[in-house]
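Engineer: Coordinates for the following, if possible.
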Amino acid sequence: MHINKSLKTILLTIFSIAFMSTFTIGSENESDLLFSSLRQQAMGGISTATSESDAALYQNPAGLSNLGGFHLKFPRLRAMLGTEGLEKMQDVSDISSEDGDESAQLDMLQALVPMDQIFGFGLYPLVSVSMPGLAAGIYVDSAFSAALTRRTSPTLHVIGQIDASGMVGISDDFEILGEEISIGATFKYISRSKIYNENTGELFFELGQGDILANINGLQEDRPNFFSMEGFGVDIGFLKPLDGIDGNVGLVIKNIGASLEGEMSLKDDDGNYSTTTVTGEIPVIAKLGFSVEQDFEFVPVVGSFLGEATFGIDYEVISDESSMYKKLHMGFEKEIMFLKLRGGLNQGYVVGGFGLDLYILHLNYVYNTYEAGEEIGMDPKSFHTLEIGVLF
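Structural biologist: Down below sits the predicted model:
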């Protein structure tokens with residue numbers, strides 16, 4: 001029986017996923033880097049076979065081979081806010097409007113418990129330049145969580161980090177065993193700053209109810225301390241066009257050799273400071289991905305809407321995650337004139353958003369959910385993210 005090359009490639013990808021998913025690399029003492037485009041997030045987290053523009057630097061550097069022309073980007077600002085914080089934003093604002101009535105403020109603060117707000121900001125990029133087979137850029141992203149617990153005596157517990165990276169990527173096309181494959185690599189300098197307690201070295205910032213109210217009323221101003229670690233890492237990616245189908249199959253291995261080192265300043269009981277060396281290892285992550293640009297009118301119900309669209313699937317074959325469902329990502333993108341509609345499943349949760357490039361305006365929006373627990377449904381976190389910039 002004759003099987004065409006595209007079908008062989010798809011079958012080999014499925015077999016590889018089934019085989020490699022039985023292996024999980026043990027978690028290192030650091031999490032993966034935060035970098036992901038809003039296109040990627042809105043499409044359920046897929047990027048291995050759908051990377052485009054300078055985003056290929058941190059998604060799959062093999063995608064740099066598919067870039068068209070020369071592109072220069074300047075700061076694109078991004079802000080992220082959790083849905084819980086949005087729902088309780090007015091309640092938080094009402095506390096400060098009580099004008100120093102601490103008894104009423106405490107009642108309102110206790111009524112907010114429990115609350116876990118996630119938020120962050122980013123620059124995607126700070127600046128980048130790209131052309132076919134070559135790109136460089138600087139990116140900044142952050143993620144914070146502020147949890148308000150203990151109703152009888154409210155306590156604010158804040159954790160978070162800021163990731164910054166300068167990246168240079170190269171890619172080229174090669175013929176291997178008669179097959180054309182794009183192979184790329186990204187070399188990245190990494191700087192990670194994390195919140196910590198200067199008295200204990202623990203990775204959090206905490207305020208009791210008295211300190212919370214004093215900050216709200218402007219009587220004191222407490223800010224978290226940060227320490228930083230730096231290092232280098234490499235991503236290697238592969239991308240192969242599918243024969244007879246307008247699509248790709250890809251593989252990316254991230255964070256090879258990504259070791260970080262820095263210093264933490266600690267204060268003793270007498271108020272004297274000393275420094276200690278801190279190190280971290282960012283875990284190696286590997287993803288397999290498949291994408292296709294296809295006319296989906298044959299699909300019942302949604303086919304007439306989708307028409308010609310991009311569809312993709314990613315699976316984390318080497319990952320910190322143990323749940324198969326948390327490793328799976330799938331999504332689509334439908335372009336209508338200058339508007340790009342996106343949707344997908346991220347770790348089993350429905351996500352979506354849109355992209356708009358109109359004249360000089362660049363705008364991206366995404367509603368996303370990820371699973372913070374070990375299994376789906378244990379601790380989902382939902383948030384909105386908006387990105388804005390100027391087109392050149």
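
Engineer: Next up, identify which helix or strand residue 78 is on.
Structural biologist: strand 77-82 (DSSP states H and E).

Engineer: need the strands for the stretch 1-150 of the chain, in chain order.
Structural biologist: Per DSSP state E, counting those that start in this stretch, the stretch 1-150 of the chain carries strands over the ranges 71-73, 77-82, 115-131, 134-149.

Engineer: Which neighbouring elements make contact with the shortest one?
Structural biologist: What it means is strand 71-73. Applying 3 or more Cβ pairs under 8 Å, 6 or more residues apart in numbering; DSSP states H and E, one finds that strand 71-73 contacts strand 115-131. All C-beta spots, glycine's among them, are computed from the backbone N, C-alpha and C.

Engineer: What are the buried residues along the strand it packs on?
Structural biologist: 115-128, 130 (16 or more other Cβ atoms under 10 Å).

Engineer: just for the stretch 201-350 of the chain, where's the confidence low?
Structural biologist: 296, 298-306 (pLDDT under 70).

Engineer: And the strands in it, which stretches?
Structural biologist: Using DSSP E, counting those that start in this stretch, strands in the stretch 201-350 of the chain cover 205-207, 225-241, 247-267, 273-281, 285-295, 308-318, 328-336, 339-346, 349-358.

Engineer: Looking at the ones you listed, which is nearest to residue 87?
Structural biologist: strand 349-358 (17.8 Å; Cβ to Cβ).

Engineer: Would you give the sheet partners of whichever helix or strand comes after the closest one, along with the direction of each?
Structural biologist: Sequence order places strand 361-371 as the next helix or strand after strand 349-358, per DSSP H and E. Sheet pairing here is set by DSSP bridges, and for strand 361-371 it gives strand 349-358 (antiparallel), strand 380-390 (antiparallel).

Engineer: For residue 350, which of the strands of the stretch 1-150 of the chain is the nearest?
Structural biologist: So among the strands of the stretch 1-150 of the chain, strand 77-82 is nearest, using Cβ to Cβ, at 16.8 Å.

Engineer: counting contacts, what elements does the closest one pack onto?
Structural biologist: strand 115-131, strand 380-390.

Engineer: what angle separates the first one from strand 77-82?
Structural biologist: Read that as strand 115-131. In terms of direction (axes from the mean of the first three to the mean of the last three Cα atoms, to 10 degrees), strand 115-131 departs from strand 77-82 by 150 degrees.

Engineer: how about the CA coordinates for strand 115-131, as PDB?
Structural biologist: Extracted in PDB, the C-alpha atoms of strand 115-131 (Å, rounded to 0.1, in the frame of the first residue of the first chain):
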ATOM      1  CA  MET A 115      -8.400  36.700  47.000                       C
ATOM      2  CA  ASP A 116      -5.600  35.700  44.700                       C
ATOM      3  CA  GLN A 117      -4.800  38.300  42.100                       C
ATOM      4  CA  ILE A 118      -2.400  37.700  39.200                       C
ATOM      5  CA  PHE A 119      -0.900  40.500  37.200                       C
ATOM      6  CA  GLY A 120       2.100  41.400  35.000                       C
ATOM      7  CA  PHE A 121       3.600  43.600  32.400                       C
ATOM      8  CA  GLY A 122       5.900  43.100  29.400                       C
ATOM      9  CA  LEU A 123       7.700  44.500  26.400                       C
ATOM     10  CA  TYR A 124       7.300  42.300  23.200                       C
ATOM     11  CA  PRO A 125       9.800  43.400  22.100                       C
ATOM     12  CA  LEU A 126      11.800  46.200  23.600                       C
ATOM     13  CA  VAL A 127      13.400  46.300  20.200                       C
ATOM     14  CA  SER A 128      13.900  43.600  17.500                       C
ATOM     15  CA  VAL A 129      15.200  43.300  14.000                       C
ATOM     16  CA  SER A 130      14.500  40.400  11.700                       C
ATOM     17  CA  MET A 131      15.100  39.100   8.200                       C
END
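
Engineer: Can you tell me the strand partners of that strand and which way each runs?
Structural biologist: In the sheet, strand 115-131 lines up with strand 71-73 (antiparallel), strand 77-82 (antiparallel), strand 134-149 (antiparallel) (DSSP bridges).

Engineer: from the ones you listed, which stretch is densest packed?
Structural biologist: Highest mean neighbour count among the strands paired with strand 115-131 (mean count of other Cβ atoms under 10 Å): strand 134-149, with a mean of 19.

Engineer: now it, how far from the chain's geometric center?
Structural biologist: Averaged C-alpha coordinates place strand 134-149 at 8 Å from its chain's average position (Cα atoms, centre = their mean, to the nearest Å).

Engineer: Please name the strands paired to the helix or strand just after that strand in the sheet, noting orientation.
Structural biologist: Heading C-terminal from strand 134-149, the first helix or strand you meet, by DSSP H and E, is strand 155-176. Sheet pairing for strand 155-176, assigned by DSSP bridges, gives strand 134-149 (antiparallel), strand 179-196 (antiparallel), strand 205-207 (antiparallel).
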